[in-house]
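A.B. asks: Test case, fold it:
(one chain, ligands or ions: 1)
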Amino acid sequence: MLPPLRLPLSPKDLWLSAWIDGPDEPEILERAFAAHFGFPYGVLFPYARVALYALITTFGWRQQKILCPAYTCAVVPLAITCSGNMVQFVDCAPDHFLPGVAQWADRLTPDTKLMIVTPLYGYPVDKNSEVLARTIAPNIFVLYDEAQSLGASDSNGFQARDADGALLSLGPGKMLSALSGGLLLLRDETVFRKVRALRDAQYTTSTFRHVTRRLASGFIRWLALREPVFSSLLYAERLIPVLSPEHISTRELMETKFPTDVLVLPSSYEIRIALRQLNRLDRLTTARRTVAAYYDHRLQEEGFITFSHSATPTFTRYPLAVSDRTKTIRLFAKEKIQLGWFIRYSCEQAAVTNVTSSLCPNALLWARSMINLPNFQGVSIVDAERCVELLLRLRDEREKAAAWPATVS
Ligand SMILES: Cc1ncc(COP(=O)(O)O)c(C=O)c1O
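C.D. replies: Model prediction:
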């Protein structure tokens, strides 16, 4: 069975990083990541979500307006709510999972403190939203959330080139996993000094027990995406529903607190892993882009609608929308391809947000219809063509199931 993703971190990497000498100080990691993504400063945290939380608390904001896409990971609004501020969700565009300028314009007001721009899957955002935000709210802090889109770029370079900050994640399942870690990249020296002082005062170093636990969970994740374990788990999901992706995303939506190890910084071992991973980023991105370019070309050639992009995305996943996701996933599973379906929810559904009536219908539309075709390193063009053939078969058998979902009225 072809899994929906594979970690770019193998037991060999874990072993080598444990024994091979290399830089392992947080400052070296912070400088390397900041330099790579074009920022002068970086601060390491245990998770990206707490890096966001620390940024907000550094500013001392309470009950302030923070704009966040509705179609993002639920831990982002969780961090905002935990900081004592108000999340205002920005809907997706009706024809794209990214918010357009119109959706940002709907929410921006002169007192907006922070906008979280999220080039999901590495799809370039429309930077006019940022220009508009700085016009409407001159003191706004523009933060790019690149946890799922490291290095999103357009024809002028990195998209976060004018941003005040960027958020990266090194957690499990991310493009550059180092077992744990989140980074906040910053442009302003005063903000950097304050955030770092807060981090140094509140966060603790890892103990042997923390590292062992993360290492074991990293190894289990790696194993879970390999055969025969992957197929056995899929079978087990049918018997034990708590293992199913639906159950996992429901749990994510129900979270009202940070994880228990939220104040424990990555160990020097994880820092070594992260630095090795950073050296691979360009290679990983090239592999994903090659397969994604093939999907784009073949699907468009066959008359499918694909998500538009103004420049080549980094394609942390290859997203496609279908009218009947359950049928699509079932057909692929019969042919031994397990599709991803990230993100399966709109953050308006998250427990912390207390939203009673949705203001973001487009986010719900994509949450219901999104699938991810496999494009991780190791997926071949032959695998990609099998996926296209299955979509064609689905369209022949049930035209409506494979169609682009009807837009919300
Ligand atoms: C878009 C996005 N932003 C932020 C985060 C938070 O990252 P972390 O798990 O390091 O807190 C995630 C996590 O999956 C994410 O998908």
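A.B. asks: how about the residue in the stretch 151-300 of the chain positioned nearest to the ligand, what does it touch?
C.D. replies: Among the residues of the stretch 151-300 of the chain, residue 169 lies nearest to the ligand; the distance is 3.4 Å by Cβ to the nearest ligand atom. In this view, the C-beta of every residue, glycine as well, is placed from N, C-alpha and C. When the contact criterion is Cβ atoms under 8 Å, 6 or more residues apart in numbering, the partners of residue 169 are 47-48, 147-148, 181-183.
A.B. asks: mind checking pLDDT for it?
C.D. replies: As summarised for this prediction, residue 169 has a pLDDT of 97.
A.B. asks: same check, this time on residue 409
C.D. replies: 45.
A.B. asks: Relative to residue 57, how far out is residue 218?
C.D. replies: Applying Cβ to Cβ, to the nearest Å, one obtains 29 Å for the distance of residue 218 from residue 57.
A.B. asks: who's more crowded, these two?
C.D. replies: Residue environment comparison for residue 218 versus residue 57 gives the larger neighbour count to residue 218, 22 against 19, counting by other Cβ atoms under 10 Å.
A.B. asks: can I assume that one sits in a strand?
C.D. replies: No. Judged by DSSP: H, G, I helix; E, B strand; the rest coil, residue 218 forms no part of a strand; its state is helix.
A.B. asks: Stretch 309-326: which residues count as buried?
C.D. replies: By neighbour count, with 16 or more other Cβ atoms under 10 Å as the criterion, the buried positions of stretch 309-326 are 309, 312-325.
A.B. asks: Can you pull the phi/psi pair for whatever residue of the stretch 301-409 of the chain ends up closest to the ligand?
C.D. replies: Taking Cβ to the nearest ligand atom, the ligand has its nearest neighbour within the stretch 301-409 of the chain at residue 343, 7.5 Å off. Geometry field for residue 343 lists phi and psi as phi -100, psi 140, criterion degrees, to the nearest 10.
A.B. asks: isn't it right next to residue 71, touching?
C.D. replies: Yes. With contact defined as Cβ atoms under 8 Å, residue 343 and residue 71 form a contacting pair (6.1 Å).
A.B. asks: residues in the protein within reach of the ligand, list them.
C.D. replies: Residues of the chain lying near the ligand by Cβ under 6 Å from any ligand atom: 47-49, 72-73, 75-76, 118, 145, 147-148, 169, 171, 182.
A.B. asks: Show me what secondary structure element comes after the host helix or strand of residue 365.
C.D. replies: Assigning secondary structure by DSSP states H and E places residue 365 in helix 361-369. Read in the C-terminal direction, the helix or strand following helix 361-369 is strand 370-373, with elements assigned using DSSP H and E.
A.B. asks: Where does pLDDT dip in the stretch 301-409 of the chain?
C.D. replies: Regions of the stretch 301-409 of the chain meeting the criterion pLDDT under 70 cover residues 407-409.
A.B. asks: show me where it has helices.
C.D. replies: Along the stretch 301-409 of the chain, the stretches classed as helices by DSSP state H, counting those that start in this stretch are 325-334, 361-369, 381-397, 399-402.
A.B. asks: By neighbour count, which bits of the last one are buried? Give me those.
C.D. replies: When you say that, I think you mean helix 399-402. Buried residues in helix 399-402, counting neighbours by 16+ other Cβ under 10 Å, are found at 401-402.
A.B. asks: domain ranges for the protein?
C.D. replies: For the chain, the domain assignment from automatic domain parsing gives the residue ranges 11-202, 281-401.
A.B. asks: From the opening residue of the last one to its closing one, how far?
C.D. replies: Length of domain 281-401, first residue to last, Cα to Cα, to the nearest Å: 36 Å.
A.B. asks: hang on, residue 204 packs against residue 262?
C.D. replies: No. Counting by Cβ under 8 Å, residue 204 sits too far from residue 262 to count as a contact (10.5 Å).
A.B. asks: related to what we said a few turns ago, can you flag which of the buried residues of stretch 309-326 belong to strands?
C.D. replies: When these are checked against strands using DSSP state E, the ones located there are 318-321.
A.B. asks: how about CSV for the domains of the chain, with distance to residue 267 added?
C.D. replies: Putting those into CSV (distance: least, Cβ to Cβ, whole Å) gives the following:
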stretch, distance to residue 267
domain 11-202, 8
domain 281-401, 21
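A.B. asks: what residue ranges in this structure are flagged as low confidence?
C.D. replies: Using pLDDT under 70, the chain drops low at 239, 242-243, 407-409.
A.B. asks: same thing but at 90, please
C.D. replies: Across the chain, the stretches falling below the confidence threshold (pLDDT under 90) are 4-24, 172-173, 175, 217-255, 352-358, 377-378, 398-400, 406-409.
A.B. asks: Report the central residue of it.
C.D. replies: Computing the C-alpha centroid of the chain and ranking residues by Cα atoms, centre = their mean puts residue 148 first, at 2.6 Å.
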